[in-house]
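S.K.: take this sequence and fold it.
(chains A and B)
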Amino acid sequence: MPAKTSRTQARELLFGDLWEFDPAPESAPAHIDERYKLFIGGRYVTPKSKKYFDSISPRDGKKLAEIPHANAADVDAAFAAAKQAFGPWSKLPGAERGKYLFRIARLLQDRSREFAVAETLDGGKPIKESRDFDLPMAAAHFFYHAGWADKLQYAAPGRTLEPLGVIGQVIPWNFPLLMLAWKIAPALATGNTVVIKPAETTSVTALKFATILEQAGLPPGVVNIISGAGETGAAIVNHPDAAKIAFTGSTEVGKIIQRALAGTGKKLTLELGGKAANIVFDDAPLDQAVEGIVNGIFFNQGHVCCAGSRLLVQEGVEKELVARLKRRLSTLRVGDPLDKNTDIGAINSKEQLAKIKELVQSGIDEGAEIYQPSCRLPGNGFYHAPTLFSGVSQSHRIAREEIFGPVLSILSFRTPEEAIEKANNTCYGLSAGVWTDKGSKILRMASALKAGVVWANTYNKFDPSSPFGGYKESGFGREGGRHGLLDYTKLA
Amino acid sequence: MKSATLRKLLDEIGPVDAVGVDERVAKYTTRSIKKGSKVFGLKLAVSMVDLTTLEGKDTPGKVASLCRKALCPHPEGDVPRTAAVCVYPAMVKHAAKHVKGTEVRIASVATAFPSGQAPLKTRLAEVKQAVADGADEIDMVINRGAFLSGEFSVMQDEIAAVVEACGDATLKVILETSELETYDNIRAASFLAMRVIRPGDFIKTSTGKTSANATLGNNQVMLDAIRDHYLDTGVEIAMKPAGGIKSAKQALQFLIAVKETLGDKWLHNTRYRFGASSLLNDLLRQLETQRTGAYQAPWTFTEDSGGY
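M.R.: Below is the predicted model:
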């Protein structure tokens, strides 16, 4: 039973241990090396810096692998290789480039179990998510863009799409392999070459991805994979040979990058933070809304830039909805991400866990009411119980700042106008959700909400053909679809 | 008239979003049930089976062998009995000879099953006769025509009349979900039925006689309705998906839905049943696989049931 039971319901259901599930760990080998090398010019090379750092598995806090810490000289070598590869790659017929992308997509499918386990070990997300979401979506992005490679003349009728050159790409730790796919697939389809850096805490699948490129026979230098920390990313961003920078990550770093690129003529796309409003009207299908809310905030432990972290619920159904939400929380399984039945896995890193805890404390200090279901968290590793805050007001830090964890702030509203005002009252604008049985209300909300994606009666739905990106401090540029493709080309 | 009535009811009980339901139930199918928890689930499922034969060609002999199967599904491995046998009214007295006085109950479909298209008087007489012949449980069909034409009170009054005709027998109300078609309708019909039946009575998905029967989706909508009704009124209604559940794997997925929607109290054969026949042998086969570590040939298990 929950630690603090809701007083709105006289009766409760017992979600006990009558039928406990035995552990069901995924057993496929992840084939993770003890020490990785950089992938430059089609070869595995030791970093010129001769420095390495440990990748920690958030699942148990143990060391997983040693990751090369590339310096400016390594980045230089990567750009040189990418520059050299650009000429022949960009002149290849589109159908030929498409073949490589199709091969990569199929290889990702072939090795999806291995990569799913590696992703879970390295990043802490539940195996069911890496298996059923990250890997299939990553492959889907390569398939989708493989299809575009020989049809670029139809992307902008009457115009010619030309590649930009060498693209510098820096990706975040929440969807390591999927973000890599989002970045590499459109860049390659349009004839660019790439220098890409995975996030410091989640480099393993990106470095493993080099073996897929090798298997696919991709020409040397078309994709170069560089691992490292902040200064490595800075070396990529500031490299004179970069024609464009594509960054996904925090708004803070995004601003630094934009400042650094000012006046350089480099193109830039940024996909940054979010504080999405998930808006539930009183005529909404409540049980399905609860599923959507759970999916919106607890998917990938809330490490999702478009997470529905602010629940805006119409006052008339607030009590009822929150009671249903709490009941649903007591059936969520928190624990070892490698277990196939785990719904909420490990927090990506010790630092992120500390940040989440700090923000949760601020919520308590500022007077919001906290609720956590009673769940046993594993002793080792980085874990955080799913958390609800009710009685949150717009001025609370937990309503304004991106927590990037399994923490939901619940606010209420009275009229659609108030919902719109509250939803848009944020520096972010990446995504939003609307729950109602009435179609016309959905259309009205969708046009009034300043968000790149508005989901109606669902949440966190993605497709390679659907452009994704933000308003305001959530960034600019789109990824996926025709719009995403155009951001990797110049029109002639 | 019809839509106004349904709209009014849905305003009260809340609508259902089909996409969301299908997404929710897809998650049950990714649960991985291993070892001890698998054996527990399989045995629980056996104990919830209403072993069924509902065919024109049923004979006292066929019913006799069905009853023996229900009493002893498999001689090895400490397998529980099934909850009940389920037969046509004419077969009730034959079943009674074999299972009366045991833990296996006799369920009988009645009320002009499966269409229900007979005068109410005839349907009630059928129920009374089945109970008199020894039926412990009656599986009735609702008047779908009345529901679809918006005459909710006609539908409810008929159910109430059957409740009365049942006496002490447990009632299971078949909604025939495939003829109601939408999840909104299934939710509405569930509430209409639950409001006139007694604690411990069932709502049931289907007759097994139409092309579409129990699915995880309609099961979920009905479980949600039972939960809401219980939290609202304190009345505990039981649930029976029927038809189309043929494999042990499916049965476990349905049970996971129960576990995660209604909790431990409904994981019992007084609260949840499977209307099935071929399901039983697959449950046994999986249990034997767990017990012996090897798949047994199909002929290892006695074939005493047919139908859906």
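S.K.: any idea which helix or strand carries the residue of chain B found nearest chain A?
M.R.: Closest to chain A within chain B is B:Gly20: 2.7 Å, counting by CB to the nearest CB. For glycine as for every other residue, the C-beta is placed from the backbone atoms N, C-alpha and C. Using DSSP states H and E, B:Gly20 maps to helix B:18-28.
S.K.: how far off centre is that helix?
M.R.: Distance, stretch centre to chain centre, for helix B:18-28: 21 Å (CA atoms, centre = their mean, to the nearest Å).
S.K.: what does whichever helix or strand comes after it contact?
M.R.: Once the chain leaves helix B:18-28, the next helix or strand it forms, by DSSP H and E, is helix B:35-47. Applying CB atoms under 8 Å, 6 or more residues apart in numbering or on different chains, the contact partners of helix B:35-47 are A:19-22, B:33, B:73, B:79-83, B:248, B:251-252, B:255, B:267, B:269, B:274, B:279-280, B:283-284, B:286-287, B:290-291.
S.K.: what helices or strands is the next helix or strand after helix B:35-47 leaning on?
M.R.: Downstream of helix B:35-47, the next assigned helix or strand under DSSP H and E is strand B:49-52. The elements that strand B:49-52 packs onto, with contact taken as 3 or more CB pairs under 8 Å, 6 or more residues apart in numbering or on different chains; DSSP states H and E, are helix B:60-71, strand B:84-87, strand B:274-276, helix B:278-292.
S.K.: which residue packs closest to A:Trp182, ignoring adjacent ones?
M.R.: A:Glu479 (5.1 Å; CB to CB, 6 or more residues apart in numbering or on different chains).
S.K.: bridging residues for the one you found?
M.R.: A:Phe468 (DSSP bridges).
S.K.: just the pLDDT at it, thanks.
M.R.: As predicted, A:Glu479 sits at a pLDDT of 97.
S.K.: any figure for the gap between it and A:Thr248?
M.R.: According to CB to CB, to the nearest Å, A:Glu479 and A:Thr248 sit 8 Å apart.
S.K.: in stretch A:420-429, what counts as buried?
M.R.: A:Ile420, A:Lys422, A:Ala423, A:Asn424, A:Thr426, A:Tyr428, A:Gly429 (16 or more other CB atoms under 10 Å in any protein chain shown).
S.K.: so the first one, which of the three states?
M.R.: The reference is to A:Ile420. Of the three states, A:Ile420 takes helix under DSSP: H, G, I helix; E, B strand; the rest coil.
S.K.: dump the residue contacts of it.
M.R.: Neighbours of A:Ile420 in contact, by CB under 8 Å, 6+ apart: A:Met445, A:Ala448, A:Leu449.
S.K.: how many other residues sit next to B:Gly101?
M.R.: A total of 7 residues lie near B:Gly101 under the criterion other CB atoms under 10 Å in any protein chain shown.
S.K.: and if you look at A:Leu491?
M.R.: 11.
S.K.: output the helices and strands packed on strand B:49-52 as a markdown table; include the columns mean pLDDT, mean neighbour count and distance to chain A.
M.R.: As requested, those are arranged in a markdown table below (pLDDT from 0 to 100; neighbours: other CB atoms under 10 Å in any protein chain shown; distance: least, CB to the nearest CB, whole Å):
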| stretch | mean pLDDT | mean neighbour count | distance to chain A |
| --- | --- | --- | --- |
| helix B:60-71 | 95 | 20 | 23 |
| strand B:84-87 | 97 | 30 | 22 |
| strand B:274-276 | 96 | 31 | 16 |
| helix B:278-292 | 96 | 20 | 12 |
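S.K.: so, low pLDDT: which residues of the stretch 101-250 of chain B?
M.R.: Across the stretch 101-250 of chain B, nothing is flagged by pLDDT under 70.
S.K.: what parts of it come near chain A?
M.R.: Neighbours of chain A within the stretch 101-250 of chain B, by CB under 8 Å from any CB of the partner chain: B:Asp224, B:Arg227, B:Tyr230, B:Leu231, B:Gly234.
S.K.: from what I can see the fourth one touches B:Asp224, true?
M.R.: No: with contacts counted by CB atoms under 8 Å, B:Leu231 stays clear of B:Asp224, the gap being 10.8 Å.
S.K.: more neighbours, the two?
M.R.: Neighbours per residue (other CB under 10 Å) separate B:Leu231 from B:Asp224, with B:Asp224 holding more: 24 against 16.
S.K.: for the spatially closest residue to that one that is not a sequence neighbour, phi and psi?
M.R.: Nearest residue to B:Asp224 in three dimensions, chain neighbours excluded: A:Asp287, at 5.3 Å (CB to CB, 6+ apart). Per-residue torsions, A:Asp287: phi -60, psi -40 (degrees, to the nearest 10).
S.K.: now do the same contact list for A:Asp287.
M.R.: By CB under 8 Å, 6+ apart, the neighbours of A:Asp287 are A:Arg324, B:Gly14, B:Val16, B:Gly20, B:Val21, B:Arg24, B:Asp224.
S.K.: next, the third one: phi, psi?
M.R.: Read it as B:Val16. Dihedral angles (degrees, to the nearest 10) for B:Val16: phi -120, psi 140.
S.K.: so which residues of the stretch 201-350 of chain A form helices?
M.R.: A:204-216, A:230-237, A:251-261, A:286-298, A:315-329, A:350-365 (DSSP state H, counting those that start in this stretch).
S.K.: now render the ones you listed as JSON lines, adding mean pLDDT.
M.R.: As requested, the helices of the stretch 201-350 of chain A are exported to JSON lines (pLDDT from 0 to 100):
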{"stretch": "helix A:204-216", "mean pLDDT": "98"}
{"stretch": "helix A:230-237", "mean pLDDT": "97"}
{"stretch": "helix A:251-261", "mean pLDDT": "97"}
{"stretch": "helix A:286-298", "mean pLDDT": "98"}
{"stretch": "helix A:315-329", "mean pLDDT": "97"}
{"stretch": "helix A:350-365", "mean pLDDT": "98"}
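S.K.: go through those and pick out the most buried.
M.R.: Counting by mean count of other CB atoms under 10 Å in any protein chain shown, helix A:286-298 has the highest mean neighbour count of the helices of the stretch 201-350 of chain A, with a mean of 25.
S.K.: what's the angle between that helix and helix A:315-329?
M.R.: 70 degrees (axes from the mean of the first three to the mean of the last three CA atoms, to 10 degrees).
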